[in-house]
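[1] Structure for this input, please:
(one chain, ligands or ions: 1)
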Amino acid sequence: MNKIDFKLVMESVIKDYLNAPTEELIMNVTVSRWEHHEWAVVGFEKILEERSLSYDIYTENFFKKKFVEKFSRLYPGWTNDIRKMMTELIENGWNLSIPLTAKDYHGRFECFISSNDIILQQIVESNCELMSLKCSRCGFSDDEYIFDGVCQKCR
Ligand SMILES: [Zn+2]
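    Here you go, the predicted structure:
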């Protein structure tokens with residue numbers, strides 16, 4: 001995409017999101033930033049600049065906080081595992097320049113990290129594996145009864 005087109009689509013994003021809640025915009029430029037086009041992220045960032053936040057949203061720990069917040073709302077049973085995964089990633093050198101996305105896939109927590117670092121990849125894999133054995137709602141762990149990420153009791 002050339003510069004003029006980039007500017008045009010970015011400006012249309014600014015127009016569309018001018019009144020969006022600050023929390024939503026923050027999510028869009030942190031945890032969800034790799035789910036959006038680059039021009040959309042630039043647009044969200046420009047709106048946020050105007051709102052002059054009093055805290056830094058571009059730190060690894062802030063990302064972790066929002067990541068845990070986003071996914072523990074959806075999957076309360078996995079909150080501790082999600083927090084543990086983020087802590088381990090940061091301790092082992094993950095930073096904001098390394099794309100990290102996650103989603104639910106038929107009751108499994110699927111996480112993708114764009115890095116060739118074996119340690120970081122293993123942290124993601126082992127934690128996702130752990131979560132696949134637990135109920136996403138209550139955290140109950142007994143793989144016999146977990147179906148689509150939900151235990152018998154919570155179904
Ligand atoms: Zn359950």
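
[2] what about the residue of the chain most remote from its centre, distance to N127?
    Distance from the C-alpha centroid of the chain, by C-alpha atoms, centre = their mean, peaks at I4 (30.3 Å). Going from I4 to N127 by C-beta to C-beta, to the nearest Å gives 44 Å. No exception for glycine: its C-beta is placed from N, CA and C like everyone else's.

[3] swap in H106?
    18 Å.

[4] Pick out whichever of the two has more residues nearby.
    Shown here are H106 and N127; by other C-beta atoms under 10 Å, N127 has more neighbours (20 against 8).

[5] ok, that one touching T87?
    No - the criterion here is C-beta atoms under 8 Å, and N127 misses it with T87 at 10.2 Å.

[6] can you tell me which residues contact the residue lying closest to F140 once chain neighbours are set aside?
    Of all residues not flanking F140 in the chain, C151 sits nearest, at 4.5 Å (C-beta to C-beta, 6 or more residues apart in numbering). Each residue near C151 by C-beta atoms under 8 Å, 6 or more residues apart in numbering is listed here: 135, 137-138, 140, 142, 145.

[7] Weed out the non-buried ones from the residues you listed.
    135, 137, 140 (16 or more other C-beta atoms under 10 Å).

[8] near the ion too, which of these?
    Restricting the buried ones among the contacts of C151 to those touching the ion (C-beta under 5 Å from the ion) yields 135, 137, 140.

[9] Tell me the one of those residues nearest the ion?
    C135 (3.1 Å; C-beta to the ion).

[10] separation between the residue nearest to the closest one when sequence neighbours are not counted and R108?
    Nearest non-adjacent residue to C135, counting by C-beta to C-beta, 6+ apart: C151, 3.7 Å away. C151 sits 14 Å away from R108, taking C-beta to C-beta as the criterion.
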